[in-house]
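A.B. asks: mind folding the following:
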Amino acid sequence: MRKVLGLAAFVAALAAFGLDDARAQIMGGNQYSMAGCGLGTLLFQNDETRWKQVLASTTNATFGTQTFGITFGTSNCNPGGGPTGRPAASLFIDVNREAFAKDVARGSGETIDHLAAILGCSDSAAVGRTLRGDFKVIFASEGRPSAEVTESVFESVRKNPSLAEGCQRLG
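C.D. replies: Numbering: from 1, shown residues only. I've put the predicted structure just below:
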């Protein structure tokens, strides 16, 4: 059991060392650190020291305060305060590419709803219809780089006047 816990702590520490740039781009101005929200973050006062981040994350996981905080908006967890804007949309599309492509082909689905929320769009159905109409442009080839797919998504949404106005974080 000690070996498993030691390995888990080691992997968490390694992950924390490589995510600074992604965190800076995606999390932007959120009030919590890499450990997220929860009791651990409150105890360690958003300290960016890596070992304190590991302790904060471990505290959150051990006591389940992060899940509770996210559910009920306590422990420095801000409901609806997740990452937004272009960097978050780019990461979201990259991570969910296969499901996103299927939803764009249909013109509706969870990934489109989530993308609309990330971009601050009030009408996810309109986003779905717009992306569906531009499916062949967005996914021009199977191996198209995610950055190009993301740029095509943004262009597609921007060219629709009502979406360009209705999406606050289109950037």
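A.B. asks: please make it C-alpha for all contacts and neighbour counts, starting now.
C.D. replies: Will do.
A.B. asks: how about the closest residue to D134 other than its chain neighbours, what does it touch?
C.D. replies: Excluding the flanking residues, the one nearest D134 by C-alpha to C-alpha, 6 or more residues apart in numbering is S156, at 6.8 Å. Residues counted as contacts of S156 (C-alpha atoms under 8 Å, 6 or more residues apart in numbering) are 130-131, 134.
A.B. asks: pull out the buried residues from the strand or helix carrying S156.
C.D. replies: Here S156, judged by DSSP states H and E, is contained in helix 146-159. Residues of helix 146-159 classed as buried by neighbour count (16 or more other C-alpha atoms under 10 Å): 146, 149-150, 152-158.
A.B. asks: tabulate the residues you listed (JSON lines), appending pLDDT and distance to I138.
C.D. replies: As requested, the buried residues of helix 146-159 are exported to JSON lines (pLDDT from 0 to 100; distance: C-alpha to C-alpha, whole Å):
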{"residue": "S146", "pLDDT": "86", "distance to I138": "10"}
{"residue": "V149", "pLDDT": "92", "distance to I138": "5"}
{"residue": "T150", "pLDDT": "90", "distance to I138": "8"}
{"residue": "S152", "pLDDT": "93", "distance to I138": "5"}
{"residue": "V153", "pLDDT": "93", "distance to I138": "6"}
{"residue": "F154", "pLDDT": "92", "distance to I138": "10"}
{"residue": "E155", "pLDDT": "93", "distance to I138": "9"}
{"residue": "S156", "pLDDT": "93", "distance to I138": "8"}
{"residue": "V157", "pLDDT": "91", "distance to I138": "11"}
{"residue": "R158", "pLDDT": "91", "distance to I138": "13"}
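A.B. asks: returning to what we had before: so which of the contacts of S156 is surrounded by the most neighbours?
C.D. replies: L131 (27 neighbours; other C-alpha atoms under 10 Å).
A.B. asks: hey, where'd the helices end up in the protein?
C.D. replies: Using DSSP state H, the helices of the chain run over residues 2-17, 20-27, 39-43, 50-63, 65-72, 85-95, 97-106, 110-119, 124-133, 135-138, 146-159, 161-166.
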